[in-house]
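1. pasting the sequence and the predicted coordinates here, then a few questions.
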Amino acid sequence: MYATSTAILLALLLPPQDGGRSLAQQDATAARAITQEFGLSRWSDKLLERSLSRAKSSDDRAELLLARCDILRLKAFRTVDEKERLGILGEAGVAYAEFLESSGNSRNVSTAQQNLGQLTELYGRTLSNLLEAGQLSEEEKTTYIATAEEIFKSGLKVLNGLLDTSEAGTLAFNQATFSRAMVYRYWAGYYPADSLERDQYANRALGYLEEFAISANLLPSMLAYNATADVYRVLQDWESSNDFYDYVIFNTIDALATEEVKDYPELAQALEGVVQQSYAGWLAMLRESGNQAGFDQIYGQFLDWLDKERIELTSDGYLAQLEVASQLVDNGESAQALALAKEVADNNPQSFLRLKANAVMGNAIKNAPDDVVIEISTLFDAAEGAFFEKRYEDSVENFRRILPRLSRNPDASEYGGRAYYLLARSWSNLGYDLFAALAHEQGAKDYPDDEDSAAKNAVQWEKITARFLSANASDRAIEDWHTEAVDMLAALDIGGGDVQMNEAKRLNNLAKSYYNKRPKPTADSKEGQDAARAIRKAIDAYEAIDANSDSYEKALVQRGSLYFELGSFEPGAYDTALGIYNDYLNNYITAEENTPSDPRSRKVRADSEPLAAFNVGRIYRAKAKAGDTNSWPLVLSSFENLRERYPTQQSLADDAMRYRIEAFLNLGKVEDAEAEYQAMLAVPASDVRISIGAFYLYSAWAKTVDQAEDLEARLAAKERELQYLHAYNSFASNPRWQNLLGEANLQMEMDHPEVASGLYQRILNDFEKASDMTDISRFSARIGFVESLLAMRRVGEAVPVVEALVQQKPKNLRVKIAVVKVKAGFLAWDGRNVLEVPGEGTLEALELAKQMASDLVQLGKYEAEQEGKNPFYYAPWWEAKLSQAYVYYQLGKTDPAEAGKHKRMIESLQKQDPTLGEGVAGKRISESFKWLLLR
Amino acid sequence: MILSCTLLLPLLLPAQQVRLNLEDGGRASGAVVALTLEEVTITNSDGDGVKRASREILSIVPSGMPAEMSSAEAFAKALDFQNAANAFDAAAGSVEPEWLAAYAGLRHAEVLLTWSTIDASKAGEAATAFAAWTSANADSYWLPRASYGHARAMATSNDVQGATTKMQELADRAFEKNLGRHVEFQAALVRSECFLLGGQAEVAEARLRDLVVKLGEASRDQDIARGTRQRIGRFQADAQLLLGQAIEEKDGVKAAASYWEGLAEARDTKADVRAAARIGLALAAKEQGELRTAQLQLARVIALQPAKAEVMAHALYELAEITESLGNQPVPAKTYRERLKANFPETTWAAKLR
């Protein structure tokens, strides 16, 4: 092998050795040698390909093309499988044609022409054999016959050319004549009986053969007459065919008896071959014509001759035997047919005869009645032969016929498992996975003691059904089928716990897909029942894992998790889960025999123990949330110091802390909850977990706000509410706009317009187009943004937003208020001083503001009346009046007709309420009025 | 043609020959001298005439037929009924010798009968053809065969009375002229089949139950020649299948399930029958809505059981239907239809697809 590789490498890598022969010539020689000596045609192809890409002259190119032709020719001759040979011959034919088109070297052209002529004949013969043996599908027949026609046309052209240029009587001339005749002989057979083409080509063949035979010596003339008999057979002229076979055999046997022939052993051997060839053809003709009596007689004669002359069978002699075997099949003598065909196969292991014999054996088996006793080894060999020859339809047929016989056969156990396996593989190769799975299943079940085959069958059974299941996850029948396969693997001790664990994991994932659906299925819904069923199936799968298996500990903990999930649908399952975990934590891991002894099991322990401890807390939490409030303290104790107990389990510890916050809050221990939260911040726990903790606290404080009895308490609670909501949003990885809007509104409420403004802007930038954002929320964000800007006295920034809001909701109260402020400006109060915040201030703007302000006053009055109040006791009315006054003030500055109007209005109010609304609407209102009075 | 001498065997000139399947399981071949209802004469390899009583011959098959007959058979094999019928009809008027022409006529009628399984309107034509043939060939060896076809054609054309009477007459004649147990039994079988074809499932069931038992006994009777026993065994298989069909028609698919189950599990059930029984079980499951179960049962038949082409084709046909109902899982239905058309093109199930 090493020497071979070196030789090839050298051929590929070495530069030209001498200047006499070109590199192309050397490469051509090397390529031929590589195939000739080592049979490595692929390497030869690569060498030629590379060389062709570098070839500069047409001579070099021709040299390389011819080498390619020769390699293909050699490959074809060496190929045993006729179908494969046909393909290679086709390629070779094309290669020769390509060479002849491009070549100018007369020596090479002549050789190539002769080779092409021979190849054409060989193509014809090979295709003829395949057609006669019925080994081609209709599609293949059409394709190959079409190719044959192309090859014949170019081949005949070459042969005719050779005949024109060669001298009569020379070897080249004779060979070309014979080849031409044979091409027509084969070509005729491709057409239906009685067709014009068959008739025409056959008669051409007859003419050429006669012409050849007349002037040829003994051997070639006998071959020609033999071919003539074959042609008559094609024409179904039985009488003439009969006469010619008879003639060839008689005269050749006669010649063999002469001294002249006896002196030439090689000639004698060749003539013996001709006799056998004739007998083979004759028997085929007799069989085809249905002449049973004649067939029996001629076969008898053949056997007598072989026996008397002690003749060794040639391949044609074996073909004759196979004709007899086929006839025996036709006669219903299957057992004899099998025996004969097997003999041919055994004597020709590496030849195409073996393939033909296998085909005959297959036919014999197919036609054998059920009660015929056939050695199972014979049956099996035929079927197996078909499998390895890739005749999968035949191997299916043959193996199927073996199966019913197995039950009656004492050797069944030796063959049964493998028969099912190869049957299944045949189905797989034909593309029928369902049939393959069934065959594997039956093989595994019927022959579990055949270790090798049982294992292979079971493994494939599981693989195929797993594929089906992944495409049909909800199909119960397929799931059960796959489970059966997994159980078989376990029973055969294949794959160990891993197989079962994989199955359990698969069921676990399936169960998750059910119980993780959103919205979460309820216990009494169909989805809930499906989920419960899936969980139980997964539990069963984990329970099936043997206690001695490496996967047992993981399976145990996972069972606990599944019972925990089951608790959502069957509350009693929580206690089962608790039982499993407590048993695991208190008994299993403390038992000496369960001490992990290798890195893998130590890792399993390191992962499983904290998870179990954590899940205990989760179970108590689930029970508490389901109504068992006594479980909250157990939640606290279960999760206490989890981080210290399992320092590597950061995320579990973080979760433990946020669950403790929840538990504290449910027990009314707000301070403890806040202390836990602070501890989370101090660690620091992960942002996500902190955000959840913050959310719990925010929710708790929001409830407190609602329940606050006085304003002070309410404000204090609101501060905390805001604090935690802000924390929640800050730590959440993707805060929801709803929560951001809630915070923004709270921030405004708590007088943090800067923070609120930022939040509003973020919402409008990032979420305005969100699919779940309603128009109301969108408006809320916009108006909130405007109000925050106005609170910060950034009127200019608010203008475009207000303009848009006016278009959207012109009648909205908050919009009107904003419009007035933006158009006319407004008065702000910093706690001590009144500050003027200018607006647009144009006449048009002021007119609009005036209208809006008047609307606001009317609205304020209306609302006051609705509440049964005098407007003077209604704060929003005072706000409206202030807006109106300011608008008049601004108008007065522009329009003399309006000058002083604001003063008159305020003075009028003062008469009604000297405090100018301070007691109802606050100091800001009264100071603002006073400021206006002075203007 | 250049021939200087020939070998010694003039008889090798292949005359029109026949192959005889004999009651002892053996075969004989030769050129026909006479083929009558009670006796057949052929020439042996020595050229001598050999007479055999018809009862010794289970069937006669012409071999090395002329091109027009071969061509007609090819059409028939391909279920190209029109061309087959025309070709046989033409051959009946042109081939020689006379017995072969008669055989062509018989085949013509048989093709029409097969055609009627797809196109029921051909049954009448088939009946007419058989009637003409039996009238013209009343003493032919093939008269029983023609009578079976005639009866089936009549039953399909709703003349159950005529069909069953014909078979009774044939059975009587077979007994009287000692034509062989196989003829009597086949007549009984075809008679029962005619009841079924004519919609009289109850009558058919009763007769078939009885016949199955009798055929079973005869197939094990060592006093009967081996070849005849094998033939009777095949009749038993056919009777078992017909019985299943009768039960299905009478009581429904579900009711037939227990019958099919018994047949499928019995040790001595022939492969074809076992396969057909499993198909029956699958169809029962299908009727109960257990489509996946039915699918796997049918697939199991195809995957693991040897069966003749019609049975396998039936299984593929049903499998495709059910797979389509199951949303083409796990393998698309068209896979099975393609296999049916490619591998069993000559079956009536493939013809249905076309």
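-> Sure, I can see it.

2. now do the SS call for A:Lys56.
-> Classification of A:Lys56 using DSSP: H, G, I helix; E, B strand; the rest coil returns coil.

3. that one and A:Ser22: what is the separation?
-> 9 Å (CB to CB, to the nearest Å). C-beta here means a position set from N, CA and C on the backbone, and glycine is covered the same way.

4. more neighbours, these two?
-> Applying other CB atoms under 10 Å in any protein chain shown to A:Lys56 and A:Ser22 shows that A:Ser22 carries more neighbours, namely 16 against 10.

5. name the SS class of the closest residue to the more buried one other than its chain neighbours, please.
-> Closest residue to A:Ser22 apart from its sequence neighbours, by CB to CB, 6 or more residues apart in numbering or on different chains: A:Asp60 at 5.6 Å. Under three-state DSSP, the three-state class of A:Asp60 is helix.

6. just the pLDDT at A:Ser525, thanks.
-> pLDDT, A:Ser525: 88.

7. briefly note if stretch A:284-297 comes near chain B.
-> Yes. Stretch A:284-297 comes into contact with chain B (CB under 8 Å from any CB of the partner chain), by way of A:Leu286, A:Glu288, A:Ser289, A:Gly290, A:Asn291, A:Gln292, A:Ala293, A:Gly294, A:Asp296, A:Gln297.

8. what lies in contact with that stretch?
-> Stretch A:284-297 has contacts (CB atoms under 8 Å, 6 or more residues apart in numbering or on different chains) with A:132, A:229, A:233, A:236, A:238, A:241-242, A:245, A:283, A:298, A:323, A:326-327, A:330-331, B:9, B:11-12, B:14, B:17, B:19, B:27, B:29-30, B:44-45, B:62-65.

9. how distant is that stretch from the center of its chain?
-> With CA atoms, centre = their mean, to the nearest Å as the basis, stretch A:284-297 stands 57 Å off its chain's centre.

10. likewise for stretch A:339-356?
-> 43 Å.

11. who's in contact with it?
-> Here stretch A:339-356 makes contact (CB under 8 Å, 6+ apart) with A:80-82, A:133, A:313, A:315, A:318-319, A:321-322, A:324-325, A:328, A:357-358, A:360-361, A:364, A:378, A:381-382, A:385, A:389.

12. can I have the buried ones of those residues as a ChimeraX selection?
-> Those of the contacts of stretch A:339-356 that count as buried under 16 or more other CB atoms under 10 Å in any protein chain shown are selected in ChimeraX with:
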select /A:82,133,313,315,318,319,321,322,324,325,328,357,358,360,361,364,378,381,382,385,389
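
13. what is the neighbour count of the closest residue to chain B within the stretch 251-400 of chain A?
-> Proximity of the stretch 251-400 of chain A to chain B (CB to the nearest CB) peaks at A:Gly290, 2.6 Å away. Number of residues near A:Gly290 (other CB under 10 Å) recorded here: 21.

14. likewise B:Ala225?
-> 21.

15. before we move on, the earlier item: right, and the residue nearest to A:Ser22 touches A:Arg21 too?
-> No. Judged on CB atoms under 8 Å, A:Asp60 makes no contact with A:Arg21 at a distance of 10.5 Å.

16. what residues does stretch B:61-68 touch?
-> Residues outside stretch B:61-68 that contact it (CB under 8 Å, 6+ apart): A:193-194, A:236, A:238, A:288-292, B:14, B:16-19, B:21, B:29, B:69, B:73, B:87, B:90-91, B:94-95, B:100, B:103.

17. what's the first-to-last distance across it?
-> By CA to CA, to the nearest Å, the extent of stretch B:61-68 from end to end equals 16 Å.

18. just the buried residues of that stretch, please?
-> For stretch B:61-68, a neighbour-count test (16+ other CB under 10 Å) marks B:Pro62, B:Ser63, B:Gly64, B:Met65, B:Pro66, B:Glu68 as buried.

19. and of those residues, the nearest to B:Thr156?
-> When the buried residues of stretch B:61-68 are compared for distance to B:Thr156 (CB to CB), B:Pro62 wins out at 26.9 Å.

20. the helix or strand harbouring that closest one: partners in the sheet, and parallel or antiparallel?
-> Using DSSP states H and E, B:Pro62 maps to strand B:57-63. Within its sheet, and counting by DSSP bridges, strand B:57-63 is paired with strand B:17-22 (antiparallel).

21. name the residues that touch the strand it pairs with?
-> Outside strand B:17-22, the residues within contact range by CB under 8 Å, 6+ apart are A:290-293, A:331-332, B:27-32, B:35, B:40, B:42, B:52, B:56-64, B:227.

22. the helix or strand just after that strand vs strand B:57-63, what angle?
-> Next along the chain after strand B:17-22, taking DSSP H and E as the criterion, comes strand B:27-35. Interaxial angle of strand B:27-35 relative to strand B:57-63 (axes from the mean of the first three to the mean of the last three CA atoms, to 10 degrees): 90 degrees.
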